[in-house]
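> Fold the stuff below for me.
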Amino acid sequence: MSIRCVVHVEEVDGVTRRINFSEQHSLKAYISDNVDQLNEPTKIQIKELELRKYQEELCASAIEGHNVVICAPTGSGKTIVAVKIIQEHLRRRLKTSGKGKVVLLVPTVNLIDQQSNVLSTYLGNEFKICVIKGGLSGTDRQQLERFSLKIHFRSEGTTAILRITTDGNVQPNRTETSVPFGYVPSMAILPVPSKEACSKNKLPKSVLLHDNHVSVMTPQIFVNMLSNVDSDEENDPGLSESMKAKLVSVSIDDVTMMIFDECHHTDKAHAYNEIMNFYYDKKYNNKNAPLPQVIGLTASLGVGQADNLQKAIDHIIKICAHLDVKKLAIIERYQEELERHVYAPKDEIIMVPSTHENHDLSRNIIALMKVIEAEMLPILQELEDTKIKTTNEVDRKAPEKRWSSQYTCWLFGWYHYAPKIINSERKRQLLTLLEHCIIYHKSLEINALTPTNFAIEYLKYEFKILERKQTSALDKELLKLYQCK
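Okay, the predicted model is just below:
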């Protein structure tokens, strides 16, 4: 059968060139030679998916169709487990119902490309995978459309007009022809431009979600889709009318599986929890609606603010309830294999002497602080006697551990009351004494956490400033006290 192809290459300058081909190889050669300015896409070497025994154990419940949280250590290959679950889910769904759509949600933007690359490495030749990010302008989308390729096939008097999509497939352009896709020979699969020229992110997000098997995105983008606030794309002046016509709403039952990476975030006002609110609305308000399978991935569900075992258990149950999960997948049978592949660091606690009390510098600083506190006592007594300080939340007696957070609160508690003193001289005296105590208190903290010379340099720096602005007898007395020590 003789096939004649007409290729339209739409370029940045708006010029459209028409070239006729009669052979498949010449068509491919032309595209390879003449769209160099678009660059070839980065070719990903497809790998065979092979799981270790403990990874098979982790994904077993999910493959059976259960909602499940997969809990395994960092470095154990939870992403590979997710890839296997996606593969089995899509194969089964596409075979039985013809519909399979997975959303992989990652908490941060920098993880999107990392996860999508893993998916493409193992599933890129079987399923359509896309990355969805925000912040693309209408101008970017116009740029994408200018770089697109259209192919016209004529065979036995029948014309089919096709368009190469950004995922590398050729699809019928149904706005121009109603000829069934079956009329088009399989050789229509052609190379497409680079990610820079044809980034999927430059298409409306809802279209990308519906046109691909797997979509990787941050949760807030999915929340926006479900809320029908997809970056105001309907009003985007840079979006062509043909592309606006493709904009569609997104519902939670449009997807068949949701995977939450770092699922321990599914709590309170996090976007993960907002997504699950859409899920529960559908579950309880439309009981006949199909719901997506929910998969969570985490190294640990955590314990929240729990301070005892029961509260820790309650927190874990709460996160599972948010995800509508009744099963936790952990490694039990193949723990030894896990230990061979994943290094588990061992904690070693070494007791060292405290630098707060058993250190010459600390002892000298504490001695100075006690002298200053003694100078402060009469003023603090006056504050109480005149009822300027009306509560007992700040004691006159300083805490014994002068490096502690309790001492910090004590200092700033009195610093709060100092401006209320009517006698300006007494007010200035108290503020000066407190200022010196604060400097010494900070130097104790520095000495506890860093080499001693850091604390010494800090003291030199602060007292050099105080030396320049000393005006009263008290300033000079406190400076002399420091120099003597």
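> for the record, mean pLDDT for stretch 227-246?
Mean pLDDT, computed over stretch 227-246, is 56.
> Need the mean per-residue confidence for stretch 114-127.
Stretch 114-127 carries an average pLDDT of 90.
> Show me what counts as buried in it.
Across stretch 114-127, burial judged by 16 or more other Cβ atoms under 10 Å covers Q115, S116, V118, L119, S120, Y122, L123, G124, F127. For every residue, glycine as well, the C-beta is placed using N, CA and C.
> Adding secondary structure and distance to S97, write those out as a markdown table.
Below are the buried residues of stretch 114-127 laid out as a markdown table (DSSP: H, G, I helix; E, B strand; the rest coil; distance: Cβ to Cβ, whole Å):
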| residue | secondary structure | distance to S97 |
| --- | --- | --- |
| Q115 | helix | 26 |
| S116 | helix | 25 |
| V118 | helix | 26 |
| L119 | helix | 22 |
| S120 | helix | 25 |
| Y122 | helix | 23 |
| L123 | helix | 19 |
| G124 | coil | 23 |
| F127 | coil | 15 |
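> Closest one of those residues to K460?
Closest approach between the buried residues of stretch 114-127 and K460, by Cβ to Cβ: Q115, at 51.1 Å.
> Could you list the low-pLDDT ranges of the stretch 101-250 of the chain?
Flagging of the stretch 101-250 of the chain using pLDDT under 70 yields the residue ranges 134-206, 229-248.
> tally of neighbours for the closest residue to M217 other than its chain neighbours?
Excluding the flanking residues, the one nearest M217 by Cβ to Cβ, 6 or more residues apart in numbering is I132, at 4.1 Å. Using other Cβ atoms under 10 Å, I132 is surrounded by 25 other residues.
> Backbone dihedrals for I132, please?
Note on I132: its backbone torsions stand at phi -120, psi 120 [degrees, to the nearest 10].
> again, but for A329
Dihedral pair for A329: phi -100, psi 110, per degrees, to the nearest 10.
> next one: L338
Backbone torsions of L338, given as degrees, to the nearest 10, read phi -60, psi -50.
> Make sure it is actually in contact with P73.
Yes: contact between L338 and P73 holds when scored by Cβ atoms under 8 Å: they sit 7.4 Å apart.
> Of the two, which one has the most company?
Using other Cβ under 10 Å as the criterion, L338 and P73 rank with L338 on top: 21 against 15.
> So which bits of the helix or strand K311 falls within are buried?
Using DSSP states H and E, K311 sits in helix 309-322. For helix 309-322, the neighbour count (16+ other Cβ under 10 Å) marks A312, H315, I316, I319, C320, H322 as buried.
> same deal with stretch 95-108?
Burial within stretch 95-108, assessed by neighbour count using 16+ other Cβ under 10 Å, is assigned to G100, K101, V102, V103, L104, L105, V106, P107.
> Let's see which of the residues you listed end up in strands.
V102, V103, L104, L105 (DSSP state E).
> and which of those residues is nearest L291?
V103 (13.1 Å).
> before we move on, the earlier item: nearest to H213, out of the buried residues of helix 309-322: which one, please.
Closest to H213, out of all of the buried residues of helix 309-322 and judged by Cβ to Cβ, is H322, at 26.4 Å.
> can you map out the strands along the stretch 201-350 of the chain?
Along the stretch 201-350 of the chain, counting by DSSP state E, counting those that start in this stretch, strands occupy 214-217, 257-261, 293-298, 327-329.
> what's the answer for the stretch 51-200 of the chain, then?
Using DSSP E, counting those that start in this stretch, the strands of the stretch 51-200 of the chain run over 68-71, 102-105, 129-131, 149-155, 158-164, 170-172.
> Show me the shaky parts of the stretch 301-450 of the chain.
353-358, 384-394, 422.
> try it again with 80
344-345, 352-359, 380-397, 416-423 (pLDDT under 80).
> the helices in it, which residues?
Secondary structure of the stretch 301-450 of the chain (DSSP state H, counting those that start in this stretch): helices at 309-322, 335-341, 360-385, 405-417, 424-449.
> can I get those in JSON lines with distance to P399?
As requested, the helices of the stretch 301-450 of the chain are exported to JSON lines (distance: least, Cβ to Cβ, whole Å):
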{"stretch": "helix 309-322", "distance to P399": "30"}
{"stretch": "helix 335-341", "distance to P399": "47"}
{"stretch": "helix 360-385", "distance to P399": "10"}
{"stretch": "helix 405-417", "distance to P399": "4"}
{"stretch": "helix 424-449", "distance to P399": "11"}
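> Just tell me which of those ends up closest to N277.
Evaluated with Cβ to Cβ, the helices of the stretch 301-450 of the chain place helix 309-322 nearest to N277, the distance being 9.3 Å.
> Pull the residues that contact that closest one.
Contact partners of helix 309-322, identified using Cβ atoms under 8 Å, 6 or more residues apart in numbering, comprise 69, 263-264, 266-267, 272-273, 276, 301-306, 326, 328.
> One more: stretch 100-107?
Under Cβ under 8 Å, 6+ apart, the answer for stretch 100-107 is 82, 86, 89-90, 92-94, 112, 115, 119, 209-210, 212-219, 222, 254-262, 265, 272, 275, 292.
> Is I275 in contact with C263, as I believe?
No: counting by Cβ under 8 Å, I275 does not reach C263; the two are 11.0 Å apart.
> out of everything not next to it in sequence, what's closest to R93?
In space, R93 is closest to G100, 3.4 Å off (Cβ to Cβ, 6+ apart).
> what about that neighbour, distance to R92?
According to Cβ to Cβ, to the nearest Å, G100 stands 8 Å off from R92.
> likewise A329?
For A329, the distance to R92 equals 18 Å [Cβ to Cβ].
> one step back: point out the most buried one among the helices of the stretch 301-450 of the chain.
Mean neighbour count (mean count of other Cβ atoms under 10 Å) peaks for helix 424-449 among the helices of the stretch 301-450 of the chain, with a mean of 18.
> Return the list of helices and strands in contact with it.
Applying 3 or more Cβ pairs under 8 Å, 6 or more residues apart in numbering; DSSP states H and E, we find helix 424-449 packed against helix 360-385, helix 405-417, helix 452-468, helix 473-484.
> Check which residues of the shortest one are buried.
Of all the residues in helix 473-484, those buried under the rule 16+ other Cβ under 10 Å are L474, D475, L478, Y482.
> just checking, the last one touches I365?
No: Y482 sits out of contact with I365 when judged by Cβ under 8 Å, with a separation of 9.8 Å.
> what's the span of stretch 69-80 from first residue to last?
End-to-end distance of stretch 69-80 (Cα to Cα, to the nearest Å): 15 Å.
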